[in-house]
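Asks: I would like to see how this sequence folds:
(chains A, B, C and D)
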Protein chains: 2
Amino acid sequence: MSKQLPLVETDTCCSPLAREPLTEPQSVELSKLFKAMADPVRLRLLSLIASHTGGEACVCDLTDAFDLTGPTISHHLKVLRESGLITGERRGTWVYYRVHPEVLARLSAVLVPGDAVVPA
Amino acid sequence: MSKQLPLVETDTCCSPLAREPLTEPQSVELSKLFKAMADPVRLRLLSLIASHTGGEACVCDLTDAFDLTGPTISHHLKVLRESGLITGERRGTWVYYRVHPEVLARLSAVLVPGDAVVPA
DNA sequence: TCTCTAGATAGACATATGTCAACATAGACG
DNA sequence: CGTCTATGTTGACATATGTCTATCTAGAGA
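Replies: Reported below is the predicted structural model:
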């Protein structure tokens, strides 16, 4: 249940895309994160959770925001969970999800172009 | 040929995921960018182009880096092109691609968690 | 013009993905 | 225990995606 994936390799953390070519394994790792975010529903889920009061939201809150069935929302939450972007915790009847900001931050860091992009 | 997509809506530029919930149209727009990056080959292409001397690379350079056929590389470059992440320019025999750093920067900005994520 | 090469396009095909209905599980509460 | 409600799981199905082969187009140069 506390399945923590490798997210992004540690040595990928500070080497933006433009600094040097990604290795094949690095690109595979990274693409898993992007795949997890490559869906409108999952992006909104992520955003709903992250922006929710207390930094967490229960599934019931999330389901109401979409014209989708419960199983579909469950499926998307699972994808986000397995990518390491969120974690869920059951408290009583409800399950609460929260975002892992470090993972978002790391992704963001990979994207930001270094000044090596256009060396004049 | 100079097909410029809307990328991300202008008013999305400074509102990270965690600040407020994405609207449905915003999430659809954003997901297109993430979809474009949600493939190991495309990530490496992007990285190869961005990190290449002069900030541009011709397709011949790129094709050699993979165990894939030319058409497949062409396909991935097209996806990246249509997402607005890169542009290609023919000069003589070869076609040179370069990255749009603004788009990467904008994506990065959306991801970076505001301090509203965990309001303590 | 003919031909060679770089790159793109078209179409086929296998696999991956998003969605749902049906069923299963986990607590809460009689 | 029995039942109600919140989530999750399974399996089916349609659509999307990645890859290939075959074919096409654009310039270069003889």
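
Asks: and the gap between residue A:34 and residue A:78?
Replies: Residue A:34 sits 17 Å away from residue A:78, taking C-beta to C-beta, to the nearest Å as the criterion. In this view, the C-beta of every residue, glycine as well, is placed from N, C-alpha and C.

Asks: Between those two, tell me which one has more neighbours.
Replies: Set residue A:34 next to residue A:78 and count neighbours by other C-beta atoms under 10 Å in any protein chain shown: residue A:34 wins out with 24 against 12.

Asks: Tell me both backbone torsions, phi and psi, for residue A:29.
Replies: Note on residue A:29: backbone dihedrals following degrees, to the nearest 10 are phi -60, psi -50.

Asks: again with residue A:38
Replies: Given degrees, to the nearest 10, the pair of backbone angles that residue A:38 has is phi -90, psi 40.

Asks: same deal with residue A:18?
Replies: Backbone torsions for residue A:18, taken as degrees, to the nearest 10, come to phi -90, psi -10.

Asks: Run a quick check on it versus residue B:48, I expect a contact.
Replies: No: under the criterion of C-beta atoms under 8 Å, residue A:18 makes no contact with residue B:48, lying 10.1 Å away.

Asks: Among these two, which residue is more densely surrounded?
Replies: residue A:18 (25 against 21).

Asks: For that one, report the pLDDT, please.
Replies: We have a pLDDT of 86 for residue A:18.

Asks: Point me to the helix or strand that includes residue A:45.
Replies: In the assignment (DSSP states H and E), residue A:45 maps to helix A:40-51.

Asks: Please tell me how far residue A:82 sits from DNA strand C.
Replies: Remark: distance between residue A:82 and DNA strand C (C-beta to the nearest atom of the strand, to the nearest Å) = 11 Å.

Asks: Number of residues surrounding that residue?
Replies: Neighbours of residue A:82 using other C-beta under 10 Å come to 13.

Asks: which residues of chain A fall in strands?
Replies: Using DSSP state E, the strands found in chain A span residues A:56-58, A:86-91, A:94-99.

Asks: which one of these lies closest to DNA strand C?
Replies: Among the strands of chain A, the nearest to DNA strand C by C-beta to the nearest atom of the strand is strand A:86-91 (5.5 Å).

Asks: any bit of that closest one sitting next to chain B?
Replies: No: counting by C-beta under 8 Å from any C-beta of the partner chain, chain B has no neighbours in strand A:86-91; the shortest distance is 11.8 Å.

Asks: tell me which residues in that strand are buried?
Replies: Within strand A:86-91, the residues that qualify as buried are A:86-88, counting by 16 or more other C-beta atoms under 10 Å in any protein chain shown.

Asks: Mind pulling up the pLDDT for the spatially most central residue of chain A?
Replies: Nearest to the geometric centre of chain A sits residue A:85, at 3.3 Å (C-alpha atoms, centre = their mean). Note on residue A:85: pLDDT of 98.
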